[in-house]
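Have a look; sequence and predicted model below, questions after that.
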Amino acid sequence: MPRTIWSGAISFGLVTVPIHVVSATEDHSIRFHQVHLEDMARVRTRKICELEDREVRSDEIGKGYQLTQEQVVP
């Protein structure tokens with residue numbers, strides 16, 4: 001049985017409802033994937049460097065502001 005994280009009560013005039021918050025014991029979240037509607041094939045996001053024409057890892061990606069057509073400021 002899960003342990004109670006917090007306990008309290010909600011009061012509505014003369015009626016009081018006890019509340020006990022417990023931690024989740026299982027993950028019941030639903031996860032969706034992007035799919036191509038014509039053939040239901042999985043669609044993935046690949047990050048490709050335009051200059052080197054190769055896929056880059058997440059730790060190699062930063063943010064920058066484009067001042068001119070050739071100049072980007074990190």
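Alright, I've got the coordinates. Values in this document were obtained by computation on a predicted structure and should not be read as measured data.

ok, and the closest non-adjacent residue to residue 25?
residue 2 (5.5 Å; CB to CB, 6 or more residues apart in numbering). In this view, the C-beta of every residue, glycine as well, is placed from N, C-alpha and C.

I should have written residue 41 there, sorry.
Of all residues not flanking residue 41 in the chain, residue 35 sits nearest, at 6.6 Å (CB to CB, 6+ apart).

That neighbour: how many residues sit nearby?
The burial count assigned to residue 35 is 11, neighbours taken as other CB atoms under 10 Å.

Residues in a beta bridge with it, which ones?
residue 42 (DSSP bridges).

can I assume it is in contact with residue 44?
No. Assessed by CB atoms under 8 Å, residue 35 is found out of contact with residue 44, at 10.5 Å.

May I ask which helix or strand encompasses the spatially most central residue of the chain?
The residue lying closest to the centre of the chain (CA atoms, centre = their mean) is residue 31, at 10.3 Å. Of the helices and strands defined by DSSP states H and E, none includes residue 31.

Show the contacting residues for the nearest residue to residue 74 once chain neighbours are set aside.
Leaving aside its sequence neighbours, residue 74 sits nearest to residue 64 (CB to CB, 6+ apart; 4.9 Å). Contact analysis of residue 64 by CB atoms under 8 Å, 6 or more residues apart in numbering lists 72-74.

Adding distance to residue 25 and neighbour count as columns, could you present those in JSON lines?
Below are the contacts of residue 64 laid out as JSON lines (distance: CB to CB, whole Å; neighbours: other CB atoms under 10 Å):
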{"residue": "72", "distance to residue 25": "48", "neighbour count": "11"}
{"residue": "73", "distance to residue 25": "48", "neighbour count": "7"}
{"residue": "74", "distance to residue 25": "44", "neighbour count": "6"}
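
And the residue nearest to the centre of the chain, how close does it get to residue 6?
28 Å (CB to CB, to the nearest Å).

same deal with residue 52?
52 Å.

Provide a list of residues in contact with residue 61.
Residue 61 neighbours (CB under 8 Å, 6+ apart): residue 47.
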